[in-house]
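only geometry, no sequence info:
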């Protein structure tokens with residue numbers, strides 16, 4: 001059994017190689033959304049497989065009928081030791097507006113101690129955490145290890161969810177470590193104990209067969225875009241609380257963030273007010289929230305004096321941790337169908353669903369994870385929720401009811417995941433990797 005000092009030295013000494021591993025992963029534009037080239041997705045899966053073979057895992061691909069392959073690996077520990085399943089994902093978000101990137105999104109670039117690139121934090125850093133933790137034991141981990149790295153997490157749906165439900169024996173474990181989260185701030189160790197779920201839909205509104213002159217028909221003839229705007233505005237009240245009947249949240253009792261930190265990390269502009277009611281923790285982690293994340297309407301440039309005949313929007317709903325996303329989606333669709341005014345024709349198309357997660361209890365593994373975090377960071381850990389979602393976590397909870405699930409990672413509030421200039425703090429990557437290696441050691445004892 002390695003000492004804590006030996007583990008610390010191994011993780012620290014392995015950082016240059018780990019950064020190079022991250023560089024190679026970030027260089028692959030593994031975007032799994034429809035319409036993108038899927039060859040890089042397969043390339044990222046192959047690269048991930050190679051990396052885990054290099055740390056002693058017996059690796060194979062899990063081919064899924066409708067999506068990207070998952071990488072599955074195993075390495076045996078001492079007889080009688082617990083089994084730990086390590087999870088992360090290799091797929092990434094699209095880069096968005098390339099002009100907003102300070103450095104190329106697929107060229108890992110270090111500035112002021114942060115490593116910039118698409119997927120550097122979400123979630124190729126999670127892959128690297130697992131690699132670092134396994135390297136610390138030089139192919140002889142103190143526990144039995146299973147590794148599962150998927151390629152569909154960012155798409156909002158995962159064929160792996162069904163696969164896990166149908167093959168629980170393959171993934172059977174005493175502990176599941178999900179390295180797709182992080183700390184509320186750099187250097188502040190954090191365990192996540194709840195995740196909001198997510199769902200979405202597309203709403204399409206039509207009022208006339210084709211655009212007509214607004215001077216000739218404006219007044220009595222309804223505008224589809226105005227109808228859509230009025231419908232979308234009913235999703236919240238004047239304080240931006242969700243007004244979908246039957247959809248409520250729950251109290252939050254964990255760590256409470258400060259308005260100052262949220263304002264700074266989110267980039268809120270001066271003079272802009274916070275919205276919603278309840279504590280910040282409730283609004284971020286245990287209550288529903290709704291956003292219009294896309295809209296199709298005539299562009300301002302080149303617009304003309306015509307009544308809009310057709311408009312479409314995509315509505316994203318973040319679901320409280322214990323809420324059924326299918327039920328929430330049904331409530332959202334019924335709301336939208338009901339509120340479109342003037343008899344306009346409305347079509348609502350359901351989107352993907354991802355269940356939330358709420359830890360049923362905090363058992364001995366939770367305590368060991370806190371111990372590992374405190375040893376790695378030099379201060380006690382706090383407990384936090386997440387407004388984001390990881391669909392596969394609820395599948396783990398259902399398929400492996402006896403396993404404790406640990407949610408943590410190398411991310412922090414400044415990572416800008418899903419946005420231009422995504423980054424991970426190099427020191428945070430090292431500390432998070434150390435915490436995971438220490439937890440494996442504690443579990444082995």
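Everything's here; your move. Since we're looking at a predicted model, the values are computed, not measured.

Could you list the buried residues of the helix ranked longest in the chain?
Here the longest helix in the chain is taken by residue count, with DSSP state H as the criterion, and it is helix 426-444. Taking 16 or more other C-beta atoms under 10 Å as the neighbour-count basis, helix 426-444 is seen to contain the buried residues 426, 428-444. The way it works is simple: take the backbone N, C-alpha and C, and place the C-beta from them, glycine included.

Check which helices and strands that helix is in contact with.
When contacts are defined as 3 or more C-beta pairs under 8 Å, 6 or more residues apart in numbering; DSSP states H and E, helix 426-444 sits against helix 4-13, helix 15-26, strand 114-116, helix 124-135, strand 175-178, helix 364-377.

Now with 6 Å, please.
With contacts defined as 3 or more C-beta pairs under 6 Å, 6 or more residues apart in numbering; DSSP states H and E, the secondary structure elements packing on helix 426-444 are helix 4-13, helix 124-135, helix 364-377.

Buried deepest among those helices, which one?
Each of the helices and strands packed on helix 426-444 was assessed for mean neighbour count using mean count of other C-beta atoms under 10 Å. The highest is helix 124-135, with a mean of 28.

Hey, what's the angle from that helix to helix 4-13? Just curious.
Taking axes from the mean of the first three to the mean of the last three C-alpha atoms, to 10 degrees, one finds helix 124-135 and helix 4-13 inclined to each other by 130 degrees.

per-residue confidence averaged over helix 124-135?
Mean pLDDT, computed over helix 124-135, is 98.

Just list what the helix or strand that comes right after that helix packs against, helices and strands only.
Under the assignment DSSP states H and E, the closest C-terminal helix or strand after helix 124-135 is strand 144-150. With contacts taken as 3+ C-beta pairs under 6 Å, 6+ apart, strand 144-150 sits against strand 70-75, strand 83-89.

Just name the most buried of those strands.
That would be strand 83-89, which, of the helices and strands packed on strand 144-150, has the most neighbours on average (mean count of other C-beta under 10 Å), namely a mean of 26.

Show me how far it is from its chain's centre.
Between the mean C-alpha point of strand 83-89 and the mean C-alpha point of its chain there is a distance of 16 Å (C-alpha atoms, centre = their mean, to the nearest Å).

Need the residues that contact that strand.
With contacts defined as C-beta atoms under 6 Å, 6 or more residues apart in numbering, strand 83-89 is touched by 123, 126-127, 130, 143-150, 153, 171, 173-179.

Can you flag the buried ones in those residues?
Neighbour-count burial (16+ other C-beta under 10 Å) is assigned, among the contacts of strand 83-89, to 123, 126-127, 130, 143-150, 153, 171, 173-179.

picking that back up, just the residues contacting the longest helix of the chain, thanks.
Residues outside helix 426-444 that contact it (C-beta under 6 Å, 6+ apart): 7, 11, 15, 81-82, 113, 115, 125, 129, 132-133, 136, 142-143, 186, 368-369, 372-373, 375-377, 410, 412.

out of the helices and strands packed on helix 426-444, nearest to residue 311?
Nearest to residue 311, of all these, is helix 124-135, at 37.4 Å by C-beta to C-beta.

And the contacts of the closest one?
Surrounding helix 124-135, the residues in contact under the criterion C-beta under 6 Å, 6+ apart are 11, 14, 18, 21-22, 25, 51, 55, 86, 88, 179-180, 409-410, 424, 429, 432-433, 436-437, 440.

on that earlier part again, how far away from the center of its chain is the longest helix of the chain?
With C-alpha atoms, centre = their mean, you get 21 Å for helix 426-444.

How about stretch 70-86?
Taking mean C-alpha positions (C-alpha atoms, centre = their mean), stretch 70-86 and its chain are 24 Å apart.

secondary structure element for residue 216?
Using DSSP H and E, residue 216 falls within helix 214-217.

packing partners for the following helix or strand past that helix?
Counting by DSSP H and E, the element after helix 214-217 in chain order, helix or strand, is helix 224-233. Contact here means 3+ C-beta pairs under 6 Å, 6+ apart; on that basis helix 224-233 packs against strand 197-206, strand 310-319.

Could you rerun that using 8 Å?
strand 197-206, strand 310-319, helix 325-339.

closest one to residue 46 among these?
The stretch from the helices and strands packed on helix 224-233 with the least distance to residue 46 (C-beta to C-beta) is strand 197-206; that distance is 29.0 Å.

The closest one vs helix 325-339, what angle?
Put simply, strand 197-206 runs at 20 degrees to helix 325-339, going by the same axes, to 10 degrees.

Please state the offset of strand 197-206 from the chain centre?
Computed by C-alpha atoms, centre = their mean, the chain-centroid distance of strand 197-206 equals 20 Å.

for it, which positions count as buried?
197, 198, 199, 200, 201, 202, 203, 204, 205, 206.

before we move on, the earlier item: looking at the helices and strands packed on helix 224-233, spot the one closest to residue 238.
Closest among the helices and strands packed on helix 224-233, using C-beta to C-beta: helix 325-339, at 15.8 Å.
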